[in-house]
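> model this:
(one chain, ligands or ions: 2)
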Amino acid sequence: MYFTQKVIDLFIKPENAGELADADGIGEAGDPHCGDFLRIYIQVREGVIKDCTFQVFGCCAAIASSSMTTILAKGQALDDAEKITAQDIVHALGGLPEEKVHCSVLGESALKAAIENYRKNDQ
Ligand code: FES
Ligand code: FES
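Numbers count the residues shown, from 1 in each chain. Ligands and ions are numbered 1, 2, ... in the order given. As a prediction, the model looks like this:
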């Protein structure tokens, strides 16, 4: 198994880690196979994700892909952020070892859940 430099960088120094105190939407996802857990916070202004942070309990690939999810989501319109897939996350990381690809699914699921949560709060 090998990790790309991008994965290692984001594992050692994750971008956008932590709780977002004034979040407009919060989404969670867990992987029942390994017990890893991710929470994503979004702050939305005029339909655009202004800020996006995460908290994760998981393996190095889960940390790096969660961080990459927030990087990809930040600055995106909600409709575009909603289309971010696990594949996009893996691609942006320069790839993940086969047995770690499932870790990126957490990012896609938690981001979608956060957007859904925002839309519900916004009604
Ligand atoms: Fe989930 Fe490693 S298997 S932390
Ligand atoms: Fe479970 Fe990485 S091994 S998310």
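> Residues of the protein that sit close to ligand 1?
By Cβ under 6 Å from any ligand atom, the residues of the chain that approach ligand 1 are 34, 36, 58-59. Placement of C-beta: from N, CA and C, glycine included.
> Could you list which of those also contact ligand 2?
For ligand 2, the contacts drawn from the residues of the chain next to ligand 1 by Cβ under 6 Å from any ligand atom are 34, 36, 58-59.
> out of these, which is most surrounded?
residue 36 (20 neighbours; other Cβ atoms under 10 Å).
> Tell me the spacing between the closest residue in space to it that isn't next to it in sequence and residue 112.
Closest residue in space to residue 36, ignoring its immediate chain neighbours: residue 58 at 3.2 Å, by Cβ to Cβ, 6 or more residues apart in numbering. Distance, residue 58 to residue 112, using Cβ to Cβ, to the nearest Å: 18 Å.
> So which elements touch the longest helix along the chain?
With residue count as the measure and DSSP state H as the assignment, the chain has helix 105-122 as its longest helix. Secondary-structure packing of helix 105-122 (3 or more Cβ pairs under 8 Å, 6 or more residues apart in numbering; DSSP states H and E): strand 25-31, strand 36-45, strand 48-57, helix 60-73, helix 78-81, helix 86-92.
> which residues of this structure score low on pLDDT?
1 (pLDDT under 70).
> what residues does it put near ligand 2?
So the chain meets ligand 2 at 31, 34, 36, 58-59, 61-62, 100, 103, 106 (Cβ under 6 Å from any ligand atom).
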